[in-house]
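>>> Below: sequence and its predicted model.
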Amino acid sequence: MSTTFTKQLTNTFRPAYRATPQTTSLPVHARAFHASTARHDFHFDTHHFVQRLEREGLNRAQAEGIMSAMAEVIDESIRNMTSNMVTKADQEKHQYTQQVDFAQIKSELQLMEKNDLAMIKAENDRLQADMEKLKQRLREEITRTQAGVRLDLNLEKGRMREESSGQELKIKEVDTRIEQEIANLRTAIQASKATTLQYLVGFVTGCSALLMAYMRFRV
């Protein structure tokens, strides 16, 4: 401690009268010092601090006064610090609450994800069932159309045979006409198949786009 700081402490804690070393005895100082330590729970070596102040030129009363003031300031600072601290029990309680909240949120998210997956699967199954129904309907329609065409052709052939039984040349012309009509009908059937297939592809593409949009929206 510098001489300037010692003078400042001396001026600050100067008593009304200045006791000289000749007028103050050691037993009196020892009793005052021990009485002071009995009333405080000091957080530093008070005896060493008092001796340090005495070596800087202060008497025992001034040194003990400075020591007591510093002890009170330190005690008050420690009390203020400890009053603002969170206890271990409160910290563990807060941590447990956070863990419970996190577990609850995780459970809710898992449940929501499970429900979403179930809804998507149900929607996908429904779309697949609708597509199978549409395919079955198209197959039935094609089969019915082919059966009708075959029936018409058979009736037409029979009628033509009955009408041209006596005319071989006419039969040949009729056969040529029938074959041409058959070719045209086959072309029409192929065109009908192509149109039906295009419709099916367009429908499947639309359903797939709707499904992807739905899944993207859900995600």
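That came through fine.
>>> After the lowest-mean-pLDDT helix or strand in the chain, which helix or strand is next? Please name it.
Ranked by mean pLDDT, DSSP states H and E, the weakest helix or strand in the chain is helix 26-39, scoring a mean of 37. Sequence order places helix 46-55 as the next helix or strand after helix 26-39, per DSSP states H and E.
>>> Give the buried residues for that next one.
Buried residues in helix 46-55, counted by 16 or more other Cβ atoms under 10 Å: 46, 49-50, 53. Backbone N, C-alpha and C define where each C-beta goes, glycine included.
>>> domain parsing for the chain?
3-84, 122-218 (automatic domain parsing).
>>> helix or strand for L58, which one?
Using DSSP H and E, L58 falls outside every helix and strand.
>>> Relative to R52, how far out is it?
Look at L58 and R52: by Cβ to Cβ, to the nearest Å, they are 9 Å apart.
>>> Check Q128 too.
According to Cβ to Cβ, Q128 and R52 sit 92 Å apart.
>>> before we move on, what about L155?
As judged by Cβ to Cβ, L155 and R52 stand 132 Å apart.
>>> what about S165, which SS state?
Assigned with DSSP: H, G, I helix; E, B strand; the rest coil, S165 falls in the coil class.
>>> ok, it - contacts?
For S165, the contacting residues are I171, by Cβ atoms under 8 Å, 6 or more residues apart in numbering.
>>> okay, it: pLDDT?
S165 is assigned 70 on the pLDDT scale.
>>> One more: F5?
So, for F5, pLDDT stands at 45.
>>> Same question for F13.
Reading off the model, F13 has pLDDT 40.
>>> what separates stretch 76-89 from the chain centre, distance-wise?
Its chain's C-alpha centre and that of stretch 76-89 lie 36 Å apart, by Cα atoms, centre = their mean, to the nearest Å.
>>> Show me which residues of that stretch are buried.
Result for stretch 76-89 [16+ other Cβ under 10 Å]: no buried residues.
>>> Low-confidence stretches in the protein?
For the chain, applying pLDDT under 70 flags the ranges 1-44, 84, 86, 164, 166, 219.
>>> Tell me where it has helices.
3-12, 26-39, 46-55, 60-84, 88-163, 168-218 (DSSP state H).
>>> mind checking how far R186 is from R159?
20 Å.
>>> nope, K135 is what I was after
From K135 across to R159, the span is 36 Å (Cβ to Cβ).
>>> swap in Q91?
Taking Cβ to Cβ, one finds Q91 at 101 Å from R159.
>>> cool, and F217?
Going from F217 to R159 by Cβ to Cβ gives 61 Å.
>>> So the two - more neighbours on which side?
R159 (11 against 7; other Cβ atoms under 10 Å).
>>> pretty sure S192 contacts G148?
No: judged on Cβ atoms under 8 Å, S192 makes no contact with G148 at a distance of 11.9 Å.
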